[in-house]
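Participant: Starting from these lines, generate the structure:
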Amino acid sequence: MKPVDDQILELMRDEGNLTPRAVDDFGVAVSDYAGDRFSVLRRYGLVERISRGLYRLTDDGRAYLDEELDAAELEPVE
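Facilitator: Numbers count the residues shown, from 1 in each chain. So this is what the prediction gives:
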């Protein structure tokens, strides 16, 4: 996990479903980098892709933000 991951997840909790471009528009990370981070967050089950380029926060993502889930416990899902 990188600090920007927390920012992306918090933005999703506040704003709802997001695209990498929207993350860029909110000034959190440029869209290409946000897209890369969404891929990582998806691999660890914190977000899910609901449409091409559109992501939503999962229950695990909410649990992580609420400090009910430790990032060290996460394993990549293929």
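
Participant: Please enumerate the helices of this protein.
Facilitator: Shown for the chain, the helices assigned by DSSP state H span residues 3-15, 20-25, 31-43, 59-65.

Participant: which stretches of the chain have low pLDDT?
Facilitator: Judged against pLDDT under 70, the low-scoring parts of the chain cover residues 78.

Participant: what's the burial count for Q7?
Facilitator: If you count neighbours by other C-beta atoms under 10 Å, Q7 ends up with 17. To be clear about C-beta, it is placed using only N, CA and C from the backbone, and glycine gets the same treatment.

Participant: what does G61 give?
Facilitator: 24.

Participant: Quick check: the closest residue to it other than its chain neighbours vs R62, distance?
Facilitator: For G61, ignoring the flanking residues on the chain, the nearest one in space by C-beta to C-beta, 6 or more residues apart in numbering is L46 at 3.9 Å. Taken as C-beta to C-beta, to the nearest Å, the spacing of L46 relative to R62 amounts to 9 Å.

Participant: First-to-last residue distance for stretch 16-25?
Facilitator: Its first and final residues considered, stretch 16-25 spans 14 Å by C-alpha to C-alpha, to the nearest Å.

Participant: returning to what we had before: and the helices of the chain: which comes nearest A71?
Facilitator: helix 59-65 (6.5 Å; C-beta to C-beta).

Participant: can you list contacts of the closest one?
Facilitator: Outside helix 59-65, the residues that touch it by C-beta atoms under 8 Å, 6 or more residues apart in numbering are D6, L9, E10, M12, R13, L41, G45, L46, V47, L69, A71, L74.

Participant: at 7 Å instead, please
Facilitator: Identification of contacts with helix 59-65 by C-beta atoms under 7 Å, 6 or more residues apart in numbering yields L9, E10, R13, G45, L46, V47, L69, A71.
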